[in-house]
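K.L.:
I'd like to go over a predicted model; first the sequence, then the structure.
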Amino acid sequence: MNATISTSSSIVLFRRVIREGLRYRAFKQDSWWRNNVKELFRENKSVSDPKEIESLQSRVKSYRFYLKASKDIQNLLEEYNIGIPVRERLEKSSNRVGLKLPEWPEVREQQIRAREQQNNRSTLADQNNTDKPQQ
């Protein structure tokens, strides 16, 4: 009876680890993780010592907790915009409350330069057109 309980709890634990892993990007994209977890369970399916089973299950629970914590940290970093450039963070924060940031000084300076160059080109084109004798 005890072996049946430990087997069913191991199966439940296995499913939970796989399910938790699928929520984690690296686990989902890289089949090595899934294959490694499956292989570890297969290797230890013949273990009959209750203390060793408990120890293995404890390690798997720790691994599952690690996966969940990694996903939670990733969500928090994305939610609070940590790890992204300051400009993007400011833009996201201002958009969240319905504001639009003014243009950054470098961007504004580039726009002014582009406009000046365009005006210079059009002025030169106008001068070239007026300098040509009309036939």
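P.N.:
Yep, it's here. Worth saying up front: this structure is predicted, and the values here are computed from it rather than measured. Numbers count the residues shown, from 1 in each chain.
K.L.:
how about Asn81, secondary structure?
P.N.:
coil (DSSP: H, G, I helix; E, B strand; the rest coil).
K.L.:
Grab the nearest non-local neighbour of it.
P.N.:
Leaving out its chain neighbours, the residue that sits closest to Asn81 by Cβ to Cβ, 6 or more residues apart in numbering is Arg89, at 4.3 Å. In short, each C-beta sits where N, CA and C put it, glycine included.
K.L.:
Phi first, then psi, for that neighbour.
P.N.:
Arg89 adopts backbone torsions of phi -60, psi -40, taken as degrees, to the nearest 10.
K.L.:
hmm, which helix or strand of the chain has the shakiest average pLDDT?
P.N.:
Least confident helix or strand, the chain: helix 25-29 with a mean of 71, by mean pLDDT, DSSP states H and E.
K.L.:
And the helices in the protein, which stretches?
P.N.:
Using DSSP state H, the helices found in the chain span residues 2-22, 25-29, 31-43, 50-79, 86-96, 105-131.
K.L.:
Which one of these has the poorest average confidence?
P.N.:
With a mean of 71, helix 25-29 has the lowest mean pLDDT of the helices of the chain.
K.L.:
I'd like to know how many residues surround Val97.
P.N.:
Neighbourhood size, Val97 [other Cβ atoms under 10 Å]: 6.
K.L.:
quick one, what contacts it?
P.N.:
By Cβ atoms under 8 Å, 6 or more residues apart in numbering, the contact set of Val97 is empty.
K.L.:
Return the distance of it relative to Leu90.
P.N.:
Val97 sits 11 Å away from Leu90, going by Cβ to Cβ, to the nearest Å.
K.L.:
domain ranges for the chain?
P.N.:
Domains of the chain are assigned by automatic domain parsing as 2-59+67-94, 104-131.
K.L.:
mind putting these in TSV, mean neighbour count included?
P.N.:
Converted to TSV, these look like this (neighbours: other Cβ atoms under 10 Å):
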stretch	mean neighbour count
domain 2-59+67-94	13
domain 104-131	10
